[in-house]
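Next input, structure requested:
(one chain, ligands or ions: 1)
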Amino acid sequence: MLTKGEGISIKGLKARLHREKRLTPELREKFRKVYGLRFERAIKAVAQHNVYKYVFRPSGRVLWIVVGRQKDYLIYPDMYCSCSDFYLNSVVRKKVDACYHILARILAEFLGFYDVLYASDDEYVSLFNELGEVLKAD
Ligand SMILES: [Zn+2]
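Numbers count the residues shown, from 1 in each chain. Presented below is the predicted three-dimensional model:
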């Protein structure tokens, strides 16, 4: 059983990941207990190179994208994903604090297993729109 403070949130698990410096079997088990199938999918997404980091020039602004089965999803690290699982189960029902895309991004970044794509700042808006997001001014 997991006890409180032992890494039952995405932030706690991420902190442990960085403290232990690798995805130990024990930590892997914790992730699996908390996130179940979401964790399995995240591992698969990382292994299949579905995590992308867009770096925009010259601003240096970053967008993380996880390629899903049907579409691409926009991730704000550890906080938000544009998928319906995140909306329904994290925002509305508050059942779980991350979808598999958010987990995949964390694992990919930690393992250095993601692809970096460079784009111009002009493309930022069109990429954002492509993802069906409402663009908010900074
Ligand atoms: Zn998601």
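
Only C-alpha atoms from now on, for both contacts and neighbour counts.
OK.

With only the CA atoms kept, save stretch 23-33 in CSV.
Output in CSV follows, covering the C-alpha atoms of stretch 23-33 (Å, rounded to 0.1, in the frame of the first residue of the first chain):
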residue,chain,number,x,y,z
LEU,A,23,13.5,4.2,-13.0
THR,A,24,14.1,1.5,-10.4
PRO,A,25,11.9,-1.6,-10.4
GLU,A,26,10.3,-0.3,-7.1
LEU,A,27,9.5,3.0,-8.6
ARG,A,28,8.2,1.4,-11.7
GLU,A,29,5.9,-0.6,-9.4
LYS,A,30,4.7,2.6,-7.7
PHE,A,31,3.9,4.2,-10.9
ARG,A,32,2.0,1.1,-12.0
LYS,A,33,0.0,1.0,-8.8
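
which of the residues in that stretch are buried?
23, 27, 30-31 (16 or more other CA atoms under 10 Å).

tell me the mean pLDDT for that stretch?
Average pLDDT, stretch 23-33: 92.

Am I right that E26 sits in a helix?
Yes - assessed with DSSP: H, G, I helix; E, B strand; the rest coil, E26 lies in a helix.

Which one of the buried residues of stretch 23-33 is nearest to the ion?
The closest of these to the ion turns out to be F31 (CA to the ion; 16.2 Å).

Poorly predicted segments of the chain, please.
Scanning the chain for pLDDT under 70 picks out 1-7, 132-138.

ok, and the closest non-adjacent residue to the residue nearest the centre of it?
Nearest to the mean C-alpha position of the chain, by CA atoms, centre = their mean, lies I102 at 2.2 Å. Nearest residue to I102, sequence neighbours excluded (CA to CA, 6 or more residues apart in numbering): D78, at 6.1 Å.

rewinding a little: and the residue nearest to the centre of the chain, which helix or strand is it part of?
In the assignment (DSSP states H and E), I102 maps to helix 100-111.

What lies in contact with stretch 53-70?
Identification of contacts with stretch 53-70 by CA atoms under 8 Å, 6 or more residues apart in numbering yields 45, 50-52, 72-77, 101, 104-105, 114-121, 124.

repeat that with 10 Å
42, 45-46, 48-52, 72-77, 81-83, 100-102, 104-105, 109, 114-124, 127-128, 131 (CA atoms under 10 Å, 6 or more residues apart in numbering).
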